[in-house]
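Asker: Sharing a sequence plus its predicted fold:
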Amino acid sequence: MTHHVSTMLETYPKDLGSVDKDKLAACIEACFECAQTCTACADACLAEDKVAELTVCIGTDLDCADICLTTGRVLTRRTGDSAQVTRALVEACRAACQGCAEECESHAQMHEHCRFCAEACRRCEQACSDLLASLG
C-alpha cells in the first residue's frame with residue numbers, strides 16, 4: 001500500500017512543504033493497517049468464550065481503531081494542513097497505539113489475534129514517532 005500512498009502524495013498538485021514524504025506515507029499506511037487490525041481484534045475478542053475478561057481490550061481496540069482511522073484520513077488531506085493540529089493528532093495516535101499495544105500484549109500468550117494487534121500497534125506507534133521527529 002505504501003506505493004499507492006506515495007504515488008498519491010507525489011501527484012499532489014501543490015508543494016507539500018518540508019514534510020518527509022516517505023515518513024508521511026509510512027505513517028498513513030500504518031494508521032490504516034492498525035485501524036483494520038484493531039477492529040478485527042475487537043471482533044475476535046467478542047467471539048472468545050471468556051469475553052468478559054476482554055472488555056478493556058475491546059474498548060482499547062475500538063478507541064485505537066477510531067483514532068488511527070481519523071489520523072490516517074487527516075494526514076491524507078494536505079490542503080489547508082495545520083501543523084499544530086497534525087502534530088497533536090499524530091501524538092494522540094502514538095499514545096493510543098502504545099496503550100493498545102500494552103493491553104493486547106497482556107493477552108497475547110492466550111489470544112493470537114491480540115499478539116498480531118499488538119504488533120500492528122507497535123508499528124503504527126513507531127511510524128507516528130518517526131513522522132513527529134521529522135516535523136521538527
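Answerer: Received it, and whenever you're ready, just let me know what you need.

Asker: Show me the shaky parts of the chain.
Answerer: Filtered on pLDDT under 70, the chain yields the residue ranges 1-2, 9, 11-16, 79-80, 136.

Asker: so where do the helices sit in it?
Answerer: For the chain, applying DSSP state H gives helices covering 2-10, 21-47, 55-76, 83-105, 112-135.

Asker: Could I get the phi/psi values of residue 109?
Answerer: When quoted as degrees, to the nearest 10, the phi and psi of residue 109 stand at phi -70, psi -30.

Asker: Apart from its neighbours in sequence, what residue is nearest it?
Answerer: residue 115 (8.0 Å; C-beta to C-beta, 6 or more residues apart in numbering). All C-beta spots, glycine's among them, are computed from the backbone N, C-alpha and C.

Asker: List the contacts of that neighbour.
Answerer: With contacts defined as C-beta atoms under 8 Å, 6 or more residues apart in numbering, the neighbours of residue 115 are 104, 105, 108, 109.

Asker: Skipping adjacent residues, who's closest to the second one in space?
Answerer: This means residue 105. Leaving out its chain neighbours, residue 105 is closest to residue 118 (C-beta to C-beta, 6+ apart), at 4.6 Å.

Asker: and the most centrally placed residue in the chain, what does it touch?
Answerer: Compute the mean C-alpha point of the chain, and by C-alpha atoms, centre = their mean the closest residue is residue 31, 3.0 Å away. Shown in contact with residue 31 (C-beta under 8 Å, 6+ apart): 68, 69, 71, 72, 75, 93, 124, 127, 128.

Asker: mind checking how far the residue of the chain most remote from its centre is from residue 115?
Answerer: Centroid-distance maximum for the chain: residue 49 at 27.8 Å, with C-alpha atoms, centre = their mean. Per C-beta to C-beta, to the nearest Å, residue 49 is found 18 Å from residue 115.

Asker: Okay, the residue nearest to the centre of the chain and residue 72: tell me how far apart.
Answerer: 3 Å.

Asker: just checking, residue 75 touches residue 29?
Answerer: No - with contact defined as C-beta atoms under 8 Å, residue 75 does not reach residue 29; the gap is 10.1 Å.

Asker: Top of the contacts of residue 31 by number of neighbours, please.
Answerer: Top of those by neighbour number is residue 124, holding 33 neighbours under the definition other C-beta atoms under 10 Å.
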